[in-house]
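Participant: Show me how the following folds:
(one chain, ligands or ions: 1)
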Amino acid sequence: MREYGFELRLCARLEAGGIPGIGDAGVVSRQLGTSVHAAGGRIVDTVCVLPGPEFDARTELASDTIPPAVLDADVPVGEYERVTRVFDGPPERARSLAERGADTGFLDVTRRGGQQVVRQTTRYPDWVGGLVGVENKPDLGRPGDLAFQTRHDASLGVLDYAVVATESHVTRAHLNRLPDAVGVWRVDFERENPIEVVRAPEQLDSAGPGLEVLAEHTARTEVRPVTADAKARQRRRVAERAYGKGWRTFDFPACANASTGDGDATVPHCAHFERVVDPASECGPDCPGFEAADAPDADLDAERERRTPWRSDAGGRRRQSGLDQF
Ligand code: SF4
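Facilitator: All right, here's what the predicted structure looks like:
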């Protein structure tokens, strides 16, 4: 199976059935950056956020990602403060951040005495119980950067658990090439219980400092230390992006061969290729099977609401598409 279809089906499975040996997946998302120093350096295929003690409060707060720079600032709860005192940088940046925070429903922005002022509508909840990252490698015979990726995850510890998911038969040699803390799942979607735990992941030290692996050369490895505070900020950023983004990030192509699939979860299926396709990279008039037609009907936000605690109108605001893109 191609990696894209494998990834979507695994996301659907984790959302419905939880994470084997670990617990419920409060949020399932895809393609999130976890690097602290190398911005965009390590993109994890699937990220699950385990529910923390105040998970319900997060579901009521906002449907979208709350901008990281808003959470990093010291915005008061209850009392208003001038926007330019709360956010660093030029006034335009401060106003823009305040408005973006207000768009999510987390900030309340108004004018007092001729000044734009801001406050949090409520305290930010303690909602993240842990982060589980899954690297999807359906075919271990084509591992790509798997060894580097797993060393990065295990050494940095932004994730609490790191796992490799594959359809391949897993040998002792495969396991030996991965850090001991990294778990391995063998996945077969034809089975009633598709995920077999070949090796359970060990819990990583997500609370302490870490080492980010930046590059590996023949004779040396480039690493950079990461403080516990920087990791905590990155963990919150990853969790927020996961919350706003989810995993249903595809649009359906306007093609007669496209359908929503025949499984439990809606996925972009193609009758021409008889598999799940990635509409962003595979669909369009250049595709040999393309036949212009209306795109299939699908309400992906409604499906997410039905299947998870996420609410599209949290905070009294409808979801703002694209807000999780920054
Ligand atoms: S554009 Fe091509 S890949 Fe996409 S649904 Fe149509 S036939 Fe399939």
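Participant: tell me which residues of the longest helix anywhere in the chain are tucked away?
Facilitator: Identified as the longest helix of the chain according to DSSP state H is helix 228-245. Using 16 or more other CB atoms under 10 Å as the test for burial, helix 228-245 gives 230-231, 233-245. In this view, the C-beta of every residue, glycine as well, is placed from N, C-alpha and C.
Participant: Also stretch 95-110?
Facilitator: Going by 16+ other CB under 10 Å, stretch 95-110 has these buried residues: 95-98, 100-109.
Participant: what's in contact with the longest helix of the chain?
Facilitator: 27-30, 32-34, 36, 47-49, 58, 63-66, 68, 71-72, 127-128, 131, 156-158, 206-210, 310, 323-324 (CB atoms under 8 Å, 6 or more residues apart in numbering).
Participant: Produce a ChimeraX select command limited to the buried residues of those residues.
Facilitator: Command for ChimeraX that selects the buried part of the contacts of helix 228-245, burial taken from 16+ other CB under 10 Å:
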select :27,28,29,30,32,33,34,36,47,48,49,58,63,64,65,66,68,71,127,128,131,156,157,158,206,210,310,323,324
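Participant: hang on, the earlier thing: let me know the closest of the buried residues of helix 228-245 to the ligand.
Facilitator: residue 245 (22.6 Å; CB to the nearest ligand atom).
Participant: Name all residues that make contact with the closest residue to residue 137 other than its chain neighbours.
Facilitator: Of all residues not flanking residue 137 in the chain, residue 166 sits nearest, at 5.1 Å (CB to CB, 6 or more residues apart in numbering). Counting by CB under 8 Å, 6+ apart, residue 166 touches 136-140, 184-187.
Participant: what about the nearest residue to residue 275 once chain neighbours are set aside, which helix or strand?
Facilitator: Take residue 275 and drop its neighbours on the chain: the residue closest to it by CB to CB, 6+ apart is residue 5, 5.7 Å away. Under the criterion of DSSP states H and E, residue 5 resides in helix 3-17.
Participant: Could you point out the helix or strand that follows that helix?
Facilitator: Taking DSSP H and E, what comes next after helix 3-17 is strand 27-33.
Participant: got the angle between the next helix or strand after that next one and helix 228-245?
Facilitator: Using DSSP H and E, the next helix or strand after strand 27-33 towards the C-terminus is strand 43-51. Angle of strand 43-51 versus helix 228-245, following axes from the mean of the first three to the mean of the last three CA atoms, to 10 degrees, is 90 degrees.
Participant: Would you mind listing the buried residues in the helix or strand that strand 43-51 is followed by?
Facilitator: As assigned by DSSP H and E, the chain's next helix or strand after strand 43-51 is helix 55-61. Of the residues in helix 55-61, 55, 58-61 count as buried by neighbour count, 16+ other CB under 10 Å.
Participant: any chance of these in JSON lines, plus pLDDT and distance to the ligand?
Facilitator: Below are the buried residues of helix 55-61 laid out as JSON lines (pLDDT from 0 to 100; distance: CB to the nearest ligand atom, whole Å):
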{"residue": "55", "pLDDT": "98", "distance to the ligand": "37"}
{"residue": "58", "pLDDT": "97", "distance to the ligand": "35"}
{"residue": "59", "pLDDT": "97", "distance to the ligand": "34"}
{"residue": "60", "pLDDT": "95", "distance to the ligand": "38"}
{"residue": "61", "pLDDT": "94", "distance to the ligand": "37"}
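Participant: Provide a list of residues in contact with the residue with the largest distance to the centre of the chain.
Facilitator: Residue farthest from the centre of the chain, counting by CA atoms, centre = their mean, is residue 113 at 41.0 Å. Applying CB under 8 Å, 6+ apart to residue 113 gives no contacts.
Participant: Show me which residues of this structure are close to the ligand?
Facilitator: 253, 255, 257-258, 270, 272-273, 277, 282-283, 287, 289-290 (CB under 6 Å from any ligand atom).
Participant: Can you tell me which of the residues you listed are classed as buried?
Facilitator: 253, 255, 257-258, 270, 277, 282-283, 287, 290.
Participant: Point out where this protein drops to low pLDDT.
Facilitator: 316-326 (pLDDT under 70).
Participant: Wait, residue 153 touches residue 42, no?
Facilitator: Yes - using CB atoms under 8 Å, residue 153 is in contact with residue 42, at 7.3 Å.
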